[in-house]
Structures are given as C-alpha cells and as structure tokens.
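Chemist: Quick one, structure for this:
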Amino acid sequence: MKIKSDLVELHIFKMIDDEMQFLLLKRSTHKIYPGVWQMVSGHLDKNETAIQTALRELNEETGIKPFRLWIAPNINSLYSPEDDSITMIPVFAAQVKNDRVIISDEHSEFKWLNSEEAKKLLAWDGQRKSVDIIKEYFTNRNSIRYLSEISL
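Modeler: Down below sits the predicted model:
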C-alpha cells in the first residue's frame, strides 16, 4: 500500500451578522460521486503546491476570489481500493466577501449554509469534522488562527 497526497479540501465561508455561512456544491450527475454535496476540492496539477491547487480549484469551481486564506489544523484521509492507497488531504479555509458563485459543470447547484446545516449535507465524517474545527478556530476569540494564515 502507498500513501500519497494529491488532493486538497477547501472550505469557503462568509460572515453574516457574526455567523459563518459555508458554501457547499452539489456534484453533477455525470461526475464521480453524483449528487454528493461537498466543499471545493481537487487534484494537484504537476509542479503545483497544495495552496496553489486550493486557489485554482476555488476559481475554477466557483469563480470566487478569497480575501483571506488559512491552513486548517486538520488532515483528512481517503482509502482507494483501486490502487490500494491512502490519500492524505490537507484542509484549507477561505473567507470571501463576494458571494457571487459561478459554478462549473462539475457541480449542478450550490448553497450557503450555517455550520449545522452544512454538516447535515456533507457525506464524509472528516469533512464534517473540518467544518467544526474551522468554526471553532474562527469564532473563538482566543484562537491562534493568525499563525496559520497564508498571505495572498
């Protein structure tokens, strides 16, 4: 079995009256995992860093540009029986001001939801855990989130 890291997970949020709203995208019927709700995700291109991938995928899947970006203190994982591998997936969080979403053909619809509503739609436990971690980091006034912010 091999361990690889060629995917990223990016949770997009905006603040409305001190409440976080997370963006979820519904997978198109002609794509892998049809009908599944997810955050922005994607594969690294050759010679691309995970941060570059997260920003590229955000633009490709939503047309949105973040004004702040963080490394979330979580790594998700996925087992693939096709090649007997485990993929380690870094998690990022992006705050946006412009919530005008232009979805790609990879998705059929989108929703802005509070954390509890978002967790109900996400299929994998690791993704729900990421939402909880991100919410805790960005709503706890004693958080050390500035240590993981990425300069844009």
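
Chemist: list the contacts for residue 135?
Modeler: For residue 135, the set of contacting residues under the criterion of Cβ atoms under 8 Å, 6 or more residues apart in numbering consists of 20, 115. From N, CA and C alone the C-beta is placed, and that goes for glycine too.

Chemist: okay but residue 5 is in contact with residue 88, surely?
Modeler: Yes: with contact defined as Cβ atoms under 8 Å, residue 5 counts as touching residue 88 (4.5 Å).

Chemist: Could you identify the longest strand within this protein?
Modeler: strand 68-80 (DSSP state E).

Chemist: Give me the sheet partners of that strand and which way each runs.
Modeler: Using DSSP bridges, strand 68-80 pairs in its sheet with strand 85-95 (antiparallel), strand 149-150 (antiparallel).

Chemist: Now do the buried residues in the longest one.
Modeler: Read that as strand 85-95. Along strand 85-95, these residues count as buried under the neighbour rule (16 or more other Cβ atoms under 10 Å): 87, 89-95.

Chemist: Show the secondary-structure elements that the helix or strand that it is followed by is packed against.
Modeler: If you walk from strand 85-95 toward the C-terminus, the next helix or strand you reach (DSSP states H and E) is strand 107-113. Identification of packing neighbours for strand 107-113 by 3 or more Cβ pairs under 8 Å, 6 or more residues apart in numbering; DSSP states H and E yields strand 19-27.

Chemist: change it to 10 Å
Modeler: With contacts taken as 3 or more Cβ pairs under 10 Å, 6 or more residues apart in numbering; DSSP states H and E, strand 107-113 sits against strand 7-16, strand 19-27, strand 37-38, helix 50-62, helix 115-121.

Chemist: May I see the ones you listed arranged in TSV, with mean neighbour count and mean pLDDT as well?
Modeler: Written out in TSV, the entries for those read as follows (neighbours: other Cβ atoms under 10 Å; pLDDT from 0 to 100):
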stretch	mean neighbour count	mean pLDDT
strand 7-16	22	96
strand 19-27	20	95
strand 37-38	20	96
helix 50-62	20	96
helix 115-121	16	98
